[in-house]
Structure formats: structure tokens, C-alpha cells
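Undergrad: build me a model:
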Amino acid sequence: TMPKEPAVLRQNILDTTAAILACGIDPTKCFLFRQSLVPEHAELAWILGCLTNVPRLLRLPQWKMKRASQNSEGTVGLLTYPVLQAADILLYKSTRVPVGEDQVLHLELAQDIAQHFNKKYGEFFPVPKAILSEL
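TA: Presented below is the predicted three-dimensional model:
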């Protein structure tokens, strides 16, 4: 949600990919791709954003904390990032999502969005459940 220099962004993508591979992710057994090259993520985020009300997003604690750190000037990208996260989850019809405690509210938003979408348009998205680690 913060502007980056293109060269820094490219290096961050390479570094993140290297870290994922170093953790033991086997690209012959899973799909490893750059999300920004999949236009359906942004397209679904737009659709889901049209179903999500602003007051709900304004209540998220991450919005309040980040906005405070940006001198009360939160960006639209920062506000709508949880909707993009919901699109990331729902696009692949995920049923279980590993999250940290700090992301539980964002997953609850994804659950609410899935339920709202399903109620309005018919059963389409599974409602994802959190996988929380004790660590």
C-alpha cells in the first residue's frame, strides 16, 4: 500500500521468491506465481469492494493503527487492502487459511464477504476457516 521504487519492488519479489524456496516449498508440487500478473485478483477485489461497506473497513484495527502512523492520512489502498486479501482467498475457493492472530479480523471480513456474495448470487464461495498456530 506504499509506493515503491520499481527496482526495489523487483528485488523484493526476487528476495521473497528465494525465501519461499529456501523454506522448502517445492515448485514441482505446488504453484508458485506472481499474484500481480493475475488480473483476476484485482477484478474480484473490485467486485467484492462493491459489496463491502466503508464503515466496516474503517473499524478494522489495522486501518486505525496504520492511518495513525501516516499522520491521519490513510490511503484508499490501505483502506481496501483487506478486500484484496479477501479476493486472494476467495478467488481460489480456499476452505482453510493459515493466519496469525493479527489477521483474524481480516479473515472474518473475507468470511462475511463470502456469505454476503453467496446470499445475493447463490452458493459460490466456500466460507474459509482460520488455521491458527499456537506458535
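
Undergrad: next one: Leu135, what pLDDT does it get?
TA: Model confidence at Leu135, expressed as pLDDT, equals 65.

Undergrad: to clarify, my last question referred to Gly77.
TA: Per-residue confidence at Gly77 stands at 86 (pLDDT).

Undergrad: the one residue sitting closest to the centre of the chain is in what secondary structure piece?
TA: A centroid search over the chain (C-alpha atoms, centre = their mean) returns Gln85, at 1.5 Å, as the residue closest to the centre. Counting by DSSP states H and E, the secondary-structure element that holds Gln85 is helix 76-91.

Undergrad: and if you look at Leu21?
TA: Leu21 belongs to helix 6-22 when assigned by DSSP H and E.

Undergrad: hmm, who's touching that helix?
TA: By C-beta atoms under 8 Å, 6 or more residues apart in numbering, the surrounding residues in contact with helix 6-22 are 4, 27, 32, 34. (C-beta placed from N, C-alpha, C; glycine too.)

Undergrad: which other helices and strands does the helix or strand following it contact?
TA: In the C-terminal direction, the helix or strand that comes right after helix 6-22 (DSSP H and E) is helix 39-49. Judged by 3 or more C-beta pairs under 8 Å, 6 or more residues apart in numbering; DSSP states H and E, helix 39-49 is in contact with helix 76-91.

Undergrad: just checking, what packs against the helix it packs on?
TA: Packed against helix 76-91 by the contact rule (3+ C-beta pairs under 8 Å, 6+ apart) you find helix 39-49, helix 54-58, helix 61-69, helix 104-121.

Undergrad: residue with max distance from the center of this protein?
TA: Each residue of the chain has a distance to the centre, and by C-alpha atoms, centre = their mean the biggest one is for Thr28: 24.8 Å.
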